[in-house]
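Undergrad: Predicted coordinates and the sequence they were generated for:
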Amino acid sequence: MFQLKLALDALRDLFLSPISIIAIVIDMITKREGKDSYYQQLMALGRKSDDWINLFEHQQKKPFSGGASVDSLLEQLINARNQNAKQPLSNQAKAKINDYIKKVINQEKMKGKE
């Protein structure tokens, strides 16, 4: 999970770095300052994304307020995977696997006749 969160953090940085330069240039040209500044708005978005990714689990005491966090999404994925691992294959899935195996066997038989 840490590696995935680390990758998300790096990807976020990759996108926000060039955007921050553009925001500063626009702010300088349009003379925007304070909360109206595009750069400050981008910084607020960066802080929210830090809370969402929660890379170093600094949000343990208070949950992310903007909806589902990366932690909760990953937990749901892991729970779904574990639940699927516990359940036996459905009859439909078994039938599809058997059909595929039969097709492969038939193809091998056809190759052997050639």
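TA: Nice, thanks for sending it over.
Undergrad: CA atoms for contacts and neighbours, from now on please.
TA: OK.
Undergrad: Next, the buried residues of the longest helix belonging to the chain.
TA: Identified as the longest helix of the chain according to DSSP state H is helix 2-30. Neighbour counts over helix 2-30 (16 or more other Cα atoms under 10 Å) mark 5, 8-9, 16, 20, 23-24, 27 as buried.
Undergrad: Can you check the pLDDT for residue 99?
TA: On the pLDDT scale, residue 99 is placed at 80.
Undergrad: and if you look at the one 10 residues further on?
TA: With respect to pLDDT, residue 109 has a value of 66.
Undergrad: and what of residue 50?
TA: 88.
Undergrad: Same question for the one 10 residues further on.
TA: Looking at residue 60, its pLDDT reads 56.
Undergrad: okay, now the domains of this protein?
TA: Following automatic domain parsing, one gets these domains for the chain: 1-67, 70-114.
Undergrad: Those: lowest mean pLDDT?
TA: domain 70-114 (a mean of 72).
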